[in-house]
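> Got a sequence here, can you model it:
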Amino acid sequence: MENLFSLFIRSVFVDNMVFAYFLGMCSYLAISKNVKTAFGLGVAVIFVMLITVPVNFLINKYLLAKGGLTWLSPALEGVDLGFLSFIMFIAVIAAIVQLVEMVVERYSPALYSSLGIFLPLIAVNCAIMGGSLFMQEREYQSLAEATTFAVGSGIGWCLAIVGIAAIREKLKYSQVPAPLKGLGIAFILTGLMGISFMCFLGIEL
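Below is the predicted model of the structure:
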């Protein structure tokens, strides 16, 4: 349990998808103009992460990894289908994103309209794909570890986009120099927030 808690805290703060790896920046910068919309997208990302990373963990462990097919037959012990990882991971992500899009359109038309093209673009959000690839690279040993990492990474990304959105809303009432308005000041703020998150590197987990 202590190991899972450490993994969760590290995924949210230390290995934050935005501030540590700069993944998912396209939707992070485009949608972070309004807190409500940013939070809606953040929740969608958490949900997609929560489903796709554990599913991809099981696919990787029991189908793609070398020796993963031994549950079918001991003769398949040497089979390594790791080269199919990208295709399989993307297929799972695309399917889950399609499901999320249909649910949001059905139950929250206003949010669906606000997110626009960026909702289906979650399918190509590199933070989502990065979650599955990090899971594979770090060789998590259990479904609980993969799920904890997925939830932590999703919450970390949501925290980042809601934080920048809150600041950008306040900036509407500030006198930002003309050359820095829009994406210019957003990039500067992202850099400053990334530096502030570096303080979590000192946490002993």
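
> Only C-alpha atoms from now on, for both contacts and neighbour counts.
OK.

> what's next to the strand or helix carrying residue 53, contact-wise?
Per DSSP states H and E, residue 53 falls inside helix 35-59. Contacts to helix 35-59, defined as CA atoms under 8 Å, 6 or more residues apart in numbering, come from residues 31-32, 88-89, 92-93, 96-97, 100, 111, 114-115, 119, 122, 128, 131-132, 135-136, 143, 146-147, 150-151, 153-155, 157-159, 161-162, 165-166, 169.

> model confidence over that helix, on average?
Average pLDDT, helix 35-59: 91.

> repeat for stretch 82-90
Rounded mean pLDDT across stretch 82-90 is 91.

> Stretch 147-162 now?
pLDDT averaged over stretch 147-162 gives 95.

> Could you export that stretch as CSV, CA atoms only?
C-alpha atoms of stretch 147-162 as CSV (Å, rounded to 0.1, in the frame of the first residue of the first chain):
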residue,chain,number,x,y,z
THR,A,147,-3.9,1.7,-12.3
THR,A,148,-2.4,3.9,-9.6
PHE,A,149,0.0,5.3,-12.1
ALA,A,150,-2.8,6.0,-14.6
VAL,A,151,-5.0,7.8,-12.0
GLY,A,152,-2.0,9.8,-10.7
SER,A,153,-0.9,10.9,-14.2
GLY,A,154,-4.4,11.9,-15.2
ILE,A,155,-4.9,13.9,-12.0
GLY,A,156,-1.5,15.6,-12.5
TRP,A,157,-2.5,16.6,-16.1
CYS,A,158,-5.9,17.8,-14.9
LEU,A,159,-4.2,19.8,-12.1
ALA,A,160,-1.9,21.4,-14.5
ILE,A,161,-4.6,22.5,-17.0
VAL,A,162,-6.9,23.8,-14.3
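
> Tell me what angle the top helix by length along the chain forms with helix 35-59.
Taking DSSP state H as the criterion, the chain has its longest helix at helix 143-170. Here helix 143-170 points in a direction 160 degrees away from that of helix 35-59 (axes from the mean of the first three to the mean of the last three CA atoms, to 10 degrees).

> other SSEs contacting helix 143-170?
Packing contacts for helix 143-170, counted by 3 or more CA pairs under 8 Å, 6 or more residues apart in numbering; DSSP states H and E, involve helix 2-9, helix 35-59, helix 126-138, helix 183-197.

> Since that was my last question, I'll sign off now.
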